[in-house]
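J.: Here is the input, now give the coordinates:
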Amino acid sequence: MANSLHVDVVSAEESIYSGEAEFVVLPGEAGELGIYPRHTPLITRIKPGAVRIKPADGGEENLIFVAGGILEVQPAVVTVLADTAIRGHDLDEAKALEAQKRAEEALRSATDKQEIATVEGELAMLAAQLAAIRKLRRK
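T.: The predicted structure is shown next:
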């Protein structure tokens with residue numbers, strides 16, 4: 001299809017999404033990126049957040065949470081290599097809130113810089129996951 005691009009979202013565990021899309025929106029390091037067919041080639045890191053994929057067949061937009069990773073864009077293909085990826089409908093707000101509470105407790109008891117940095121990274125990822133859950137709920 002001339003007005004679509006092929007999108008693959010994969011994590012270390014599995015392929016999360018593979019199909020034709022009108023566009024993809026995802027969290028780049030410098031802000032949100034919108035990718036349309038015939039986009040200029042690009043490789044960049046992505047931050048934790050929601051990847052939105054609008055299917056080429058006009059179906060419902062797919063939301064996938066990624067915990068960071070790498071984005072590769074070619075004119076007709078977008079590949080997201082995610083550290084962790086979770087389909088929007090598989091996100092669990094209660095589990096994410098509980099994990100956030102445990103991470104906040106761990107931060108209060110953290111003593112060295114490495115431990116503090118690790119827990120702060122986990123808190124940032126959980127905050128992005130909760131934002132993705134809320135975005136999905138609004139849809």
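
J.: Quick check: closest non-adjacent residue to the residue nearest the centre of the chain.
T.: What sits nearest the mean C-alpha location of the chain, by CA atoms, centre = their mean, is V66, with 2.6 Å. In space, and not counting its chain neighbours, V66 is closest to A82: 4.0 Å by CB to CB, 6 or more residues apart in numbering. Any C-beta I mention is one placed from the backbone N, CA and C, and that applies to glycine too.

J.: hang on, that neighbour packs against A50?
T.: No. If you go by CB atoms under 8 Å, A82 and A50 don't touch, sitting 11.7 Å apart.

J.: What is the burial count for D8?
T.: Around D8 there are 15 other residues, counting by other CB atoms under 10 Å.

J.: Would you mind listing the buried residues in whichever strand or helix holds it?
T.: Per DSSP states H and E: D8 is located in strand 5-10. Counting neighbours by 16 or more other CB atoms under 10 Å, one finds that the buried residues in strand 5-10 are 5-7, 9-10.

J.: so after that strand, what's the next helix or strand?
T.: That would be, after strand 5-10 and using DSSP H and E, strand 15-28.

J.: Rounded mean pLDDT for the helix or strand following that next one, please.
T.: Next helix or strand after strand 15-28 toward the C-terminus (DSSP H and E): strand 31-35. Per-region confidence: strand 31-35 scores 93 on mean pLDDT.

J.: Then stretch 42-62?
T.: Here the average pLDDT along stretch 42-62 is 90.

J.: Pretty sure Q100 sits against M125.
T.: No. Q100 is beyond contact range of M125, at 9.7 Å (criterion: CB under 8 Å).

J.: Fine by me, we can end here.
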